[in-house]
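Engineer: Structure for this input, please:
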Amino acid sequence: MTITYQRILVPLDGSERAAAALPHAEVLAKLTNARVILLQVIPSTAMLVSESTVAAPGMGLPAVDPFLASTQYESVEAALAQEAQTMLDTAAAPLQANGVQTETVVLRGAPADGILTYAGDSHVDLIVMSTHGRTGLARLVFGSVAESVLHRSTCPVLLVRVAGE
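Structural biologist: The predicted model follows:
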């Protein structure tokens with residue numbers, strides 16, 4: 001049996017832990033001449049408001065005022081999307097410099113759902129992602145995106161455990 005990958009999806013969230021999956025995806029892409037798709041799913045402002053009301057300080061979520069007007073929500077979402085695109089472009093540059101075909105995608109919604117929907121709709125062959133190692137309240141409130149993707153994905157998932165987890 002020959003295993004080939006044509007499309008490798010790497011979900012990122014701007015954290016160093018998530019970026020730890022990039023070297024693994026790069027090696028696999030070079031071995032199989034696959035394209036690497038860097039994806040960030042940004043939460044809607046409404047999700048940020050609900051999460052920020054239960055989030056403990058230091059959980060990495062932006063603070064969002066729950067009393068923003070709807071036009072301000074759109075402005076916050078546009079800023080988050082631009083920030084995500086900049087982060088993805090920065091992450092793609094070294095891959096491209098090393099000869100790896102890349103593309104970047106920014107979606108809005110729940111991270112695990114967005115990752116899985118994109119993977120299915122785009123015929124992704126492999127998802128390579130890091131675990132964040134959340135425990136306690138953070139895991140209870142936010143769940144584990146990696147765990148959800150692992151259990152629900154229809155394609156193979158390579159989870160990269162970051163040192164210190």
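Engineer: State the pLDDT value of residue 94.
Structural biologist: For residue 94, the pLDDT comes out at 98.
Engineer: distance of residue 145 from residue 84?
Structural biologist: In this view, residue 145 and residue 84 are 15 Å apart by C-beta to C-beta, to the nearest Å. Every C-beta, even on glycine, is put in place using the N, C-alpha and C of the backbone.
Engineer: bridging residues for the closest residue in space to residue 89 that isn't next to it in sequence?
Structural biologist: Nearest non-adjacent residue to residue 89, counting by C-beta to C-beta, 6 or more residues apart in numbering: residue 104, 6.3 Å away. Beta-bridge partners for residue 104, by DSSP bridges, are residue 38.
Engineer: wait, doesn't residue 104 sit right on residue 92?
Structural biologist: Yes: between residue 104 and residue 92 there is a contact at 5.7 Å, judged by C-beta atoms under 8 Å.
Engineer: who touches both of the two?
Structural biologist: Here residue 104 and residue 92 have residue 38 as joint contacts, going by C-beta atoms under 8 Å, 6 or more residues apart in numbering.
Engineer: remind me which residues of this structure are low pLDDT?
Structural biologist: Scanning the chain for pLDDT under 70 picks out the ranges 45-71, 73, 133-143, 164-165.
Engineer: number of nearby residues for residue 78?
Structural biologist: 10 (other C-beta atoms under 10 Å).
Engineer: list the contacts for the residue nearest to residue 89?
Structural biologist: Taking C-beta under 8 Å, 6+ apart as the test, what residue 104 contacts is 37, 38, 39, 85, 88, 89, 92.
Engineer: SS state for residue 5?
Structural biologist: Here residue 5 is recorded as coil under DSSP: H, G, I helix; E, B strand; the rest coil.
Engineer: Now for residue 107: which residues touch it?
Structural biologist: 39, 40, 41, 42, 114, 118.
Engineer: which SS class is it?
Structural biologist: Applying three-state DSSP: residue 107 is strand.
Engineer: ok, it to residue 131 distance?
Structural biologist: Relative to residue 131, and taking C-beta to C-beta, residue 107 is found at 21 Å.
Engineer: How about residue 116?
Structural biologist: Distance from residue 116 to residue 131, by C-beta to C-beta: 16 Å.
Engineer: who has more neighbours, those two?
Structural biologist: A count of neighbours by other C-beta under 10 Å puts residue 116 above the other of residue 116 and residue 131, at 22 against 19.
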